[in-house]
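Asks: fold the following and give me the result.
(chains A and B)
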There are 2 protein chains.
Amino acid sequence: MPDPVIALSMPRPDRMIAWRDELQRHLPGFRVAGTDDITDPETVRYAVVWKPPTGLIAGYPNLRAVVSIGAGIDHVAADSRYPTHVPVIKTIGPNMTQRMREYIALHVLRHHREQPAVAAAQARREWDQRVIPPATRRRVGILGMGHLGRAAAQTLRALGFDVAGWSRSGAGADGVPGYAQDRLDEFLGRSEILVCLLPLTDDTRGILNAATLGKLPKEASIINAARGDHVIEDDLLAGLESGHLSHATLDVFATEPLPRDHPFWTHPKVTVTPHVASLIDPASGGRVIADNIKAFEAGQHVPDLTRIDRGY
Amino acid sequence: MPDPVIALSMPRPDRMIAWRDELQRHLPGFRVAGTDDITDPETVRYAVVWKPPTGLIAGYPNLRAVVSIGAGIDHVAADSRYPTHVPVIKTIGPNMTQRMREYIALHVLRHHREQPAVAAAQARREWDQRVIPPATRRRVGILGMGHLGRAAAQTLRALGFDVAGWSRSGAGADGVPGYAQDRLDEFLGRSEILVCLLPLTDDTRGILNAATLGKLPKEASIINAARGDHVIEDDLLAGLESGHLSHATLDVFATEPLPRDHPFWTHPKVTVTPHVASLIDPASGGRVIADNIKAFEAGQHVPDLTRIDRGY
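Replies: Numbers count the residues shown, from 1 in each chain, chains lettered A, B, ... in the order given. From the prediction side, this is the model:
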C-alpha cells in the first residue's frame, strides 16, 4: 500500500521546495507533495496550506486535518467551500513567538521613545532633547490575548511598560490586567500605544475604525501585526491627518504586497514593514508542523487544534 | 548658626531652578544654592555638579563630598585642580536604569531587525521581506558591566539575545558570561552588536578605534551610550565606509551638542540621538541624590560612593 500523502499548498512555489524537503525529512511515513503533483486525491490524509485556493480542501475526501502554516486560520476560512467537519491545526512555534516578541518590543519602544521624531530631528541636524517619561508611566494595550498576545504583553511588562490586554474572555496574564469584550471603550481610553494581535474573524474585521480609534487618548499610536483587514485604512489615515493619532506601524495590509501607489508608503506618520513581524521558516516551522501531525495521528492532545467555525 | 550649604553647579542655568527646588524640598536641613549665590565658600558642605568649572571644587575648603548628577564621574575628574581626598557620589536611580534599559533594548532590536534597511525599503516603496535570524542566534556584547551594563545585559537576555559582557573584573551576570580584560579580542570577535556602557577613564578613552572595531565580525554594528571620547570618530567612519561595520547608533559625542557640520548627522549608516539614552530628571534624580547625601551624612554605607582617582 502506498504511503499516505501530505498535500502542500502555498502561493509562492519558490518557497515550496524547502518546506516539502523539511516536512518529508520529519515525516518519513508520508509522501509530501505539492498539490499539482497529486494524482489520486483519495490518498491525501493532511493538507499543509497557506492561502489555499477555493475548493482545494473539499477535493480531498479522506482528509483528517488541515494545517495552517501560521498562527491565523483566516486564510483557510476564506475558502467558502471548506468542509467544516475537517479540523484545523494552527502553527505557532517558539521561533514565531520569539520573532513576534522582538517585533512588538522594537516597535512599542520606538513609539514610546519617539524615534520617528528623533530621526526627523537628525535629518534637520537638530540637537532636540525631548523629555520622555519612563516606560513605567507609558500605558500599552494589547488587543488579543492569545498565545502571541500574551507573549507580547509579558515581554512589554518585563521592559517596564504599564500593559493591559483585551480579549473575548477578559483573561489577563501575569501582572497584566485583562479587559473583557464589554470593556473595550475603557481599554481603548487607557491605551497610549495600541497593539493589535487579534485573530481575524467576523467579529474583529474592521475593529480599528473611526469610532474605536477616536476613543484612544490624544496622540496615541497603533501597531498592527495581525491582519490588514482589522484596520479601516481610510479611518486610520484620517486619524493621523487630524493629529489625534501620532503614528502607525503596520506589518499587514488589506492588499499584500502593499501596492506601490498606496499612501502608507510615503506617509510621514506611518512605518511600513513587509509582513515580517513573525515570519515562519521551514526549518523551525517544519518541525512544529511535523510534531503536530504526529501527535494528531497518534490521537494525542494537540493544543493548537481548532475548528474553522470557531474562527481562530 | 546658619544651615550648611549644598552648592549646585550645572552648565545650563535654565535647568538649575528645578533641581534646586527639588533638592531643597528633600533636604530641609541645608541651604541649596547655585554657586553664584554663595558668598561664604567655607559654609559649603556638599557640591552637586554636572561638568563643574575647573577649580570650583578646590574653592570649598570644608567639602565632605561631591555629587555627580549622573552615573559617570569623568566630567568631575576633568577638573585638573580637583582635591583628590574629597570623595565622589555617583547618581544612578531606578529611573535612569529604566531609561537606559529602554534605550539599549530599542537600539539593539533596531540593529538586529535591520530597521534602518527596512525604512530605506519603505522610502523606495519596496516590499522587501528580509529573512533575519531570531534573537536567540544574535550575539550581543556589552562593554562595561557596571550597574547600567548589567541591567542592559539582563534586559537583552530576557528578550532572547545571546549576550556576553566585558569588564575589568570579568564578572558576568545571571545567564550572561563575563569576559575579563585580557579576553577583549575574543569578546569583540563574537559581538555582532557591540554596546558601549563603559566609564570614561584613561584606560577606556578611545577604546573603539580601528584596531578594536576591526576585530568585530563583518557587518557588526555598534551602539555607544557611554561617552563620545570612547570612540575615535574617524576610525568609526572608516569602518562604516569600508562596509566592515553596518551601522552605528550614537547618543554621545566628543563635542556636544554635535556640531551642525559633523558628518554623523547625514551619514546613512549612523543614527544620532542627542544624549538622551538616560536623562536624569530633577524629580527622580533629586530624590536619589538627597537620599545619598542623607546616608553619607549619617555615616551609612553609600553604594555609589567612589574616589576620583579610581576613575569610575
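
Asks: please name the nearest non-neighbouring residue to the most centrally placed residue in chain A.
Replies: The residue lying closest to the centre of chain A (Cα atoms, centre = their mean) is A:A226, at 3.6 Å. Distance criterion Cβ to Cβ, 6 or more residues apart in numbering or on different chains; nearest residue to A:A226, sequence neighbours excluded, is A:C196 at 4.7 Å. C-beta: built from backbone N, CA, C; applies to glycine.

Asks: OK, contacts around whatever residue of the stretch 201-312 of chain A ends up closest to chain B?
Replies: Using Cβ to the nearest Cβ, the single residue of the stretch 201-312 of chain A nearest to chain B is A:P257, 3.6 Å away. Neighbouring residues of A:P257 by Cβ atoms under 8 Å, 6 or more residues apart in numbering or on different chains: A:P274, B:W127.

Asks: now do it, the pLDDT please.
Replies: Listed pLDDT for A:P257 reads 96.

Asks: so how far is chain B from the closest residue to A:I73 other than its chain neighbours?
Replies: Computed as Cβ to Cβ, 6+ apart, the closest residue to A:I73 that is not its neighbour in sequence is A:V88, at 5.1 Å. For A:V88, the distance to chain B equals 25 Å [Cβ to the nearest Cβ, to the nearest Å].

Asks: for A:V88, give me its contacts.
Replies: Taking Cβ under 8 Å, 6+ apart, we find A:V88 in contact with A:A65, A:V66, A:V67, A:S68, A:I73, A:V76, A:L305, A:T306, A:R307, A:I308.

Asks: can you give me the helices for the stretch 201-312 of chain A?
Replies: A:210-214, A:233-242, A:282-297 (DSSP state H, counting those that start in this stretch).

Asks: do the same with the stretch 51-200 of chain A
Replies: With DSSP H, counting those that start in this stretch as the criterion, the stretch 51-200 of chain A has helices spanning A:74-77, A:94-112, A:115-123, A:147-158, A:184-190.

Asks: got CSV for the helices of the stretch 201-312 of chain A, with mean neighbour count too?
Replies: Below are the helices of the stretch 201-312 of chain A laid out as CSV (neighbours: other Cβ atoms under 10 Å in any protein chain shown):
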stretch, mean neighbour count
helix A:210-214, 16
helix A:233-242, 17
helix A:282-297, 19
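
Asks: show me which residues of the stretch 1-150 of chain A sit near chain B.
Replies: A:95, A:98-99, A:101-103, A:105-106, A:109-110, A:112-113, A:115, A:118-119, A:121-122, A:125, A:127-132, A:134-136 (Cβ under 8 Å from any Cβ of the partner chain).

Asks: apply 6 Å and report the result again.
Replies: A:95, A:98-99, A:102, A:105-106, A:109, A:113, A:118, A:122, A:125, A:127, A:129, A:134-135 (Cβ under 6 Å from any Cβ of the partner chain).

Asks: walk me through the domains of chain A.
Replies: Listed domain ranges for chain A are A:5-91+A:280-306, A:94-272 (source: automatic domain parsing).

Asks: first vs last residue of the last one, how far apart are they?
Replies: By that I understand domain A:94-272. 25 Å (Cα to Cα, to the nearest Å).

Asks: likewise stretch A:233-252?
Replies: 11 Å.

Asks: and for stretch A:187-201?
Replies: 20 Å.

Asks: check stretch A:43-59 too.
Replies: Rule used - Cα to Cα; the end-to-end distance of stretch A:43-59 is 11 Å.

Asks: any idea of the mean pLDDT in it?
Replies: When pLDDT is averaged along stretch A:43-59, the result is 97.

Asks: for the stretch 201-312 of chain A, which residues are neighbours of chain B?
Replies: A:P257, A:R260, A:W265, A:V272, A:T273, A:P274, A:V276.

Asks: ok so, going back, what about the contacts of A:V88, which are in strands?
Replies: Counting by DSSP state E, the part of these found in strands is A:A65, A:V66, A:V67, A:S68, A:L305, A:T306.

Asks: list only buried entries from those residues.
Replies: Using 16 or more other Cβ atoms under 10 Å in any protein chain shown as the burial test, those include A:A65, A:V66, A:V67, A:S68, A:T306 as buried.

Asks: what's the spacing between the residue lying closest to A:V49 once chain neighbours are set aside and A:K51?
Replies: Nearest residue to A:V49, sequence neighbours excluded (Cβ to Cβ, 6+ apart): A:S9, at 4.5 Å. Distance, A:S9 to A:K51, by Cβ to Cβ, to the nearest Å: 8 Å.

Asks: then A:S191?
Replies: 31 Å.

Asks: more neighbours: these two, which one.
Replies: A:S191 (24 against 16; other Cβ atoms under 10 Å in any protein chain shown).

Asks: could you count how many residues lie near the residue lying closest to the more buried one once chain neighbours are set aside?
Replies: Computed as Cβ to Cβ, 6+ apart, the closest residue to A:S191 that is not its neighbour in sequence is A:G141, at 3.0 Å. For A:G141, the count of nearby residues is 24 (other Cβ under 10 Å).

Asks: can I get the helices of the stretch 201-312 of chain A in CSV including mean pLDDT?
Replies: Shown next, in CSV, are the helices of the stretch 201-312 of chain A (pLDDT from 0 to 100):
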stretch, mean pLDDT
helix A:210-214, 98
helix A:233-242, 98
helix A:282-297, 96
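
Asks: turn the ones you listed into CSV, including distance to B:H301.
Replies: Formatted as CSV, the helices of the stretch 201-312 of chain A follow (distance: least, Cβ to Cβ, whole Å):
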stretch, distance to B:H301
helix A:210-214, 52
helix A:233-242, 53
helix A:282-297, 49
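
Asks: quick one on the thing from earlier: distance to B:T249 added to the residues of the stretch 201-312 of chain A next to chain B, as a markdown table?
Replies: Conversion of these to a markdown table gives the following (distance: Cβ to Cβ, whole Å):
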| residue | distance to B:T249 |
| --- | --- |
| A:P257 | 29 |
| A:R260 | 30 |
| A:W265 | 25 |
| A:V272 | 21 |
| A:T273 | 19 |
| A:P274 | 23 |
| A:V276 | 21 |
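
Asks: show me those that map onto strands.
Replies: Filtering these for strands - DSSP E - leaves A:V272.

Asks: closest one to B:T35 out of the residues of the stretch 201-312 of chain A next to chain B, please.
Replies: A:T273 (50.5 Å; Cβ to Cβ).

Asks: what sits against that closest one?
Replies: By Cβ atoms under 6 Å, 6 or more residues apart in numbering or on different chains, A:T273 lies in contact with A:D251, B:V118.

Asks: what's the following helix or strand after whatever helix or strand A:L23 lives in?
Replies: Secondary structure from DSSP states H and E places A:L23 in helix A:13-26. Using DSSP H and E, the helix or strand that follows helix A:13-26 in sequence is strand A:31-34.

Asks: now do that next one, average pLDDT.
Replies: 98.

Asks: pairing partners for the following helix or strand past that strand, with directions?
Replies: Next helix or strand after strand A:31-34 toward the C-terminus (DSSP H and E): strand A:44-49. The strands beside strand A:44-49 in its sheet (DSSP bridges) come out as strand A:5-9 (parallel), strand A:65-68 (parallel).

Asks: for A:G178, which of these is the nearest?
Replies: Closest of the strands paired with strand A:44-49 to A:G178 is strand A:65-68, at 25.7 Å (criterion: Cβ to Cβ).

Asks: mind listing residues that contact stretch A:235-243?
Replies: So stretch A:235-243 is contacted by A:N209, A:A210, A:L213, A:L245, A:A248, A:K269 (Cβ under 6 Å, 6+ apart).

Asks: and the two most separated of these?
Replies: Applying Cβ to Cβ across the contacts of stretch A:235-243, the maximum distance is between A:N209 and A:K269, 17.8 Å.

Asks: which of the two has more neighbours?
Replies: A:K269 (18 against 15).

Asks: wait, isn't the more buried one in contact with A:L245?
Replies: No: with contacts counted by Cβ atoms under 6 Å, A:K269 stays clear of A:L245, the gap being 7.3 Å.

Asks: which among the residues of the stretch 1-150 of chain A next to chain B end up buried?
Replies: Neighbour counting over the residues of the stretch 1-150 of chain A next to chain B (16+ other Cβ under 10 Å) leaves A:95, A:98-99, A:102, A:105-106, A:109, A:113, A:118, A:122, A:125, A:127, A:134-135 as the buried ones.
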